[in-house]
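Undergrad: Just a sequence and a predicted model for now, questions to come.
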Amino acid sequence: MLADRYPTALVTGASTGLGRAFVDMLLNEGVRVWGTGRDPARLPARAGFTPVALDLDADSSVEAAFQLAEGAAGGLDLVVNSAGYGLYGPFTARDFADWRRQLEAMFVRTLQLSHLALRSMGARRRGALVNISSLAVEFPLPFMSGYNAAKAGLSAFSESLMVEVAGTGVIVIDFRPGDYRTGFNQTMQATSDTLSPSAFPSAPRVQHAWARLESNLQSAPPPARAAGDLRRALRRGRSGTVRSGSFFQARLAPWLTRLAPAWLHRAVTARYFGSS
Ligand SMILES: NC(=O)c1ccc[n+]([C@@H]2O[C@H](COP(=O)([O-])OP(=O)(O)OC[C@H]3O[C@@H](n4cnc5c(N)ncnc54)[C@H](OP(=O)(O)O)[C@@H]3O)[C@@H](O)[C@H]2O)c1
């Protein structure tokens, strides 16, 4: 059982989607879990689970959520940074304030939580930090530039940490999901005002790419599969990068991409999303 190695865990973005599936998996493994959402009332009431309020738009909320969970747990053995959201649209069609807010939430404050977690784990010489990045790091999605930048930064950050923590008893996992069938796109659509054809000249391309994203997500595997991949990675007990998703996205495409020149990769991506 994972609880033998990680008796306590904090999972951000636990109200829905992947975060919720991670919580289910950890509870089944006997781990006591503190899980976050902006509205704790949306979090599940379950034995072994404690809801915590966390809003990634505020430094103070990150600090408060961590201290609350860390204090109650008597030291967190596992921290999973899963909270995040997409923002859709051409880079210039949105106010820069929107992109800045996304980067601060998904990159800067995720690093802030990692800093708090690793200081504590380092002092105790045990623990695991899991950062939920994305295969978008390897296969950038058009019209999601801020999201891709945040995830690429997060993966680079995790890679650096893996070297830093070697031999300390702490591990770092860069977990890169492909498409999973969650409410991610619905939330993204609700925050996107750029999908109307009249909003900007490139609207048909933007809509075509959106249709691709949406059909990919609809036909994607359920979040429980990602939770299974995370369980296996945690059982291995080693730092590393984990690609999770369909056979094509998580296995075949990364392998093919390593063989192909960058210009070809870019041309295929542009054609796939209707940008050429
Ligand atoms: N689904 C995919 O195909 C996919 C692929 C690659 C990577 N990912 C990554 O996986 C993670 C989970 O995504 P998901 O697919 O599970 O999406 P989701 O179902 O929309 O869940 C997102 C979670 O993040 C929380 N959240 C969103 N914005 C937040 C904010 N500003 N402050 C605090 N919490 C916030 C939400 O909580 P509340 O709304 O309750 O506050 C929710 O629990 C994200 O980091 C996403 O980028 C997903």
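TA: Alright, I've got the coordinates. Numbering: from 1, shown residues only.

Undergrad: quick check: mean pLDDT across stretch 186-206?
TA: Stretch 186-206 carries an average pLDDT of 69.

Undergrad: Oops, could you answer that again for stretch 124-141 instead?
TA: Stretch 124-141 comes out at a mean pLDDT of 96.

Undergrad: So which bits of that stretch are buried?
TA: For stretch 124-141, the neighbour count (16 or more other C-beta atoms under 10 Å) marks 127-141 as buried. For every residue, glycine as well, the C-beta is placed using N, CA and C.

Undergrad: Same check on stretch 67-82?
TA: Neighbour-count burial for stretch 67-82, counted by 16+ other C-beta under 10 Å, picks out 68-70, 73, 76-82.

Undergrad: how about the nearest residue to T12 once chain neighbours are set aside, what does it touch?
TA: Spatial nearest neighbour of T12, chain neighbours left out: A83 (3.9 Å); criterion: C-beta to C-beta, 6 or more residues apart in numbering. By C-beta atoms under 8 Å, 6 or more residues apart in numbering, the residues touching A83 are 12-13, 19, 36, 54, 56, 110.

Undergrad: quick one: which of these sit in helices?
TA: Secondary structure from DSSP state H places 19, 110 of the contacts of A83 in helices.

Undergrad: Of the contacts of A83, which is the nearest to A149?
TA: T110 (12.9 Å; C-beta to C-beta).

Undergrad: So which bits of stretch 143-157 are buried?
TA: Buried-residue list, stretch 143-157, by 16+ other C-beta under 10 Å: 143-155, 157.

Undergrad: Please apply the same query to stretch 49-62.
TA: For stretch 49-62, by 16+ other C-beta under 10 Å, it's 49-52, 54-56, 61-62.

Undergrad: So is it next to the ligand?
TA: Yes: residues of stretch 49-62 contacting the ligand under C-beta under 6 Å from any ligand atom: 54-57.

Undergrad: now the residues you listed as a markdown table including pLDDT and distance to A267?
TA: Converted to a markdown table, those look like this (pLDDT from 0 to 100; distance: C-beta to C-beta, whole Å):
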| residue | pLDDT | distance to A267 |
| --- | --- | --- |
| L54 | 98 | 41 |
| D55 | 98 | 40 |
| L56 | 98 | 35 |
| D57 | 96 | 37 |
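
Undergrad: Alright, I will stop here.
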